[in-house]
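Trainee: Please work out how this folds:
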Amino acid sequence: MFYLKKRTGEDKPNIPIYMRITMGGRRTEWFTGRHCTESEWDGGAKRIKGTKEYARSINSWLDLLYSKAHSCRQELYATGKAFSPMHIKKMLVGEELEPPKMLSHAWDYHTNQIAGLLGKGFTPATLQKYKSTYRVLKKFLLLKTQSEDIRLDDIGFQLVRDFDYYLKADYGVKINTAVQMVKKLRTIMKVANEIGWAKRNPFVAYRAKKEEVFREFLTTEELRDLTIKKVKKRLNLTRDLFLFSCYTGLSYADIIKLKSGDILKGDDGGIWLQTHRVKNNNRVRLPLLAPALKLINHYKDFPRYLDEDFLLPKISNGRANFYLKEIARSMGWTKWLTFHCARHTFATTVTLTNGVPIETVGQMLGHKNIRSTQIYARVTDTKVSVDMKSLKKKHAGQELVLTTED
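Mentor: Numbers count the residues shown, from 1 in each chain. As a prediction, the model looks like this:
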């Protein structure tokens with residue numbers, strides 16, 4: 001309804017016309033932006049008296065507000081959510097029904113859930129990657145928008161492309177690293193869209209293009225040389241953990257958590273290892289090769305902390321990677337030794353080169369699909385030579401008549 005609202009103590013002839021909406025005992029009111037005198041106002045019709053242009057103009061505006069208020073109410077009914085007269089007013093005058101959700105809200109929401117699920121599908125490394133990506137993203141937004149935060153609905157495909165470009169051209173990370181960081185933003189926007197915080201997903205047209213990267217691995221000769229190499233005493237443990245990874249395909253995080261309960265007797269009567277990967281909780285089950293068993297037996301009497309029953313001694317990941325660089329130098333190698341390199345060595349040199357099917361390799365690496373295994377597995381010259389041996393024999397005695405044209 002519309003009514004005149006005369007302010008106390010004022011004696012002006014023109015009185016503001018107000019609009020009031022009442023629902024369920026609650027009401028809200030606001031100024032319509034129009035005035036009239038008390039004598040011009042029809043208290044019964046709640047409109048201006050007469051048919052003059054002045055009256056028609058104001059009445060037309062009031063009718064429009066009345067119609068829009070009913071339309072807003074119908075839209076709010078359609079959402080299925082509870083609403084009040086204040087929601088109708090905000091919608092009518094173009095205000096946000098709720099404070100706009102920002103990127104920081106969505107990022108905190110998702111990372112807080114990851115933090116609460118550590119060890120239950122998420123790892124501290126995953127949480128750290130989200131935090132580091134967000135730090136870089138805030139630097140980008142500050143350059144782009146002069147603010148470290150942005151409304152979710154203001155994030156469009158162009159901003160996604162600009163962030164991708166910034167990472168590669170200005171921030172200077174490698175292509176595959178940039179792709180992984182942009183994917184973190186994609187996950188956040190997907191979550192925001194699913195819970196109703198963002199009206200659209202700006203990644204619908206985004207296509208990640210990864211760069212083919214050669215993965216380092218040790219050849220059979222290099223693996224043998226590392227096994228018999230006498231290294232400095234302080235490097236022994238790191239070298240042995242690396243070798244254990246080469247012969248099992250386990251990552252550093254999986255190795256240092258192994259306990260005696262993870263060793264069992266297989267159906268073939270051999271000694272097997274069964275565990276779950278820290279990264280994705282996928283089950284890993286594989287027969288232990290002799291070098292891996294020797295390493296376990298070598299450290300079976302190694303001093304443990306308290307009563308923990310770990311198979312192998314622990315060393316920090318950072319220190320292990322530092323020592324691996326020193327080991328590579330002592331071997332005269334230019335290869336970048338990491339525990340990923342060890343997993344690639346297991347997949348390529350230890351298993352595939354010796355005829356183990358790639359499906360079996362994938363199962364032992366803890367992969368759910370063959371595409372993941374193909375990243376680790378490279379066909380070596382030795383494997384090509386073995387596979388081609390029978391074909392070479394077949395064509396060895398084939399005669400070939402060569403003619404030369406005049």
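
Trainee: in the protein, which helix has the most residues?
Mentor: What stands out as the longest helix in the chain, according to DSSP state H, is helix 53-79.

Trainee: For the nearest residue to residue 72 once chain neighbours are set aside, what is the enclosing helix or strand?
Mentor: Nearest non-adjacent residue to residue 72, counting by Cβ to Cβ, 6 or more residues apart in numbering: residue 91, 4.3 Å away. From N, CA and C alone the C-beta is placed, and that goes for glycine too. Applying DSSP states H and E as the criterion places residue 91 in helix 85-92.

Trainee: orientation of that helix relative to helix 53-79 in degrees?
Mentor: 110 degrees (axes from the mean of the first three to the mean of the last three Cα atoms, to 10 degrees).

Trainee: Packing partners of helix 85-92?
Mentor: If you count contacts as 3 or more Cβ pairs under 8 Å, 6 or more residues apart in numbering; DSSP states H and E, helix 85-92 packs onto strand 15-23, strand 26-36, helix 53-79.

Trainee: Of those, which is nearest residue 241?
Mentor: Residue 241 lies closest to helix 53-79 among those, at 57.3 Å (Cβ to Cβ).

Trainee: Could you check the angle the closest one makes with strand 26-36?
Mentor: Between helix 53-79 and strand 26-36, the angle comes out at 160 degrees (the same axes, to 10 degrees).

Trainee: Which positions in helix 53-79 come out as buried?
Mentor: Residues of helix 53-79 classed as buried by neighbour count (16 or more other Cβ atoms under 10 Å): 55, 58-59, 62, 65, 69, 72-73, 76.

Trainee: same question for it, mean pLDDT?
Mentor: Here helix 53-79 scores 90 as its mean pLDDT.

Trainee: packing partners for that helix?
Mentor: strand 15-23, strand 26-36, strand 47-48, helix 85-92.

Trainee: strand partners of the helix or strand just after the longest one, parallel vs antiparallel please.
Mentor: This points to strand 26-36. Remark: after strand 26-36, the chain's next helix or strand is strand 41-42, criterion DSSP H and E. According to DSSP bridges, strand 41-42 has the following sheet partners: strand 47-48 (antiparallel).

Trainee: Residues contacting the partner strand, please?
Mentor: 2, 36, 40-42, 54-55, 58-59, 62 (Cβ atoms under 8 Å, 6 or more residues apart in numbering).

Trainee: could the residues you listed go into JSON lines alongside distance to residue 364?
Mentor: Putting these into JSON lines (distance: Cβ to Cβ, whole Å) gives the following:
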{"residue": "2", "distance to residue 364": "78"}
{"residue": "36", "distance to residue 364": "85"}
{"residue": "40", "distance to residue 364": "89"}
{"residue": "41", "distance to residue 364": "86"}
{"residue": "42", "distance to residue 364": "87"}
{"residue": "54", "distance to residue 364": "87"}
{"residue": "55", "distance to residue 364": "87"}
{"residue": "58", "distance to residue 364": "81"}
{"residue": "59", "distance to residue 364": "81"}
{"residue": "62", "distance to residue 364": "77"}
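
Trainee: can you tell me which two in the residues you listed are farthest apart?
Mentor: The most widely separated members of these, counting by Cβ to Cβ, are 2 and 54 (16.2 Å).

Trainee: residues making contact with the helix or strand hosting residue 297?
Mentor: When elements are assigned from DSSP H and E, residue 297 belongs to helix 290-298. Residues outside helix 290-298 that contact it (Cβ under 8 Å, 6+ apart): 227, 240, 243-244, 247-248, 263, 271, 273, 288, 311-312.

Trainee: That one: what's the following helix or strand?
Mentor: Following helix 290-298 in sequence, per DSSP H and E, is helix 317-331.

Trainee: Which secondary structure elements does the helix or strand following that following helix sit against?
Mentor: As assigned by DSSP H and E, the chain's next helix or strand after helix 317-331 is helix 339-345. With contacts taken as 3+ Cβ pairs under 8 Å, 6+ apart, helix 339-345 sits against helix 236-248.

Trainee: quick one: contacts for residue 246?
Mentor: If you count contacts by Cβ under 8 Å, 6+ apart, then residue 246 has 218, 223, 342, 345-346, 349-350 around it.

Trainee: again, 10 Å this time
Mentor: Residues near residue 246 by Cβ atoms under 10 Å, 6 or more residues apart in numbering: 217-218, 223, 226-227, 289, 291-292, 339, 341-346, 349-350.

Trainee: ok, of these, which come out buried?
Mentor: Among those, those classed as buried by 16+ other Cβ under 10 Å are 217-218, 223, 226, 289, 292, 339, 341-346, 349-350.

Trainee: how many other residues sit next to residue 41?
Mentor: Neighbour count of residue 41, defined by other Cβ atoms under 10 Å: 17.

Trainee: in the sheet, who's paired with the residue lying closest to it once chain neighbours are set aside?
Mentor: In space, and not counting its chain neighbours, residue 41 is closest to residue 4: 5.5 Å by Cβ to Cβ, 6+ apart. Applying DSSP bridges to residue 4 gives these bridge partners: residue 17.

Trainee: ok, residue 4 touching residue 35?
Mentor: Yes - the pair residue 4 / residue 35 is scored as a contact, 8.9 Å apart, by Cβ atoms under 10 Å.

Trainee: okay, and the common contacts of these two?
Mentor: 14-17.

Trainee: Name the nearest of those residues relative to residue 173.
Mentor: residue 16 (59.5 Å).

Trainee: my guess is that closest one meets residue 33, correct?
Mentor: Yes - applying Cβ under 10 Å as the test, residue 16 and residue 33 come out as touching, 8.7 Å apart.
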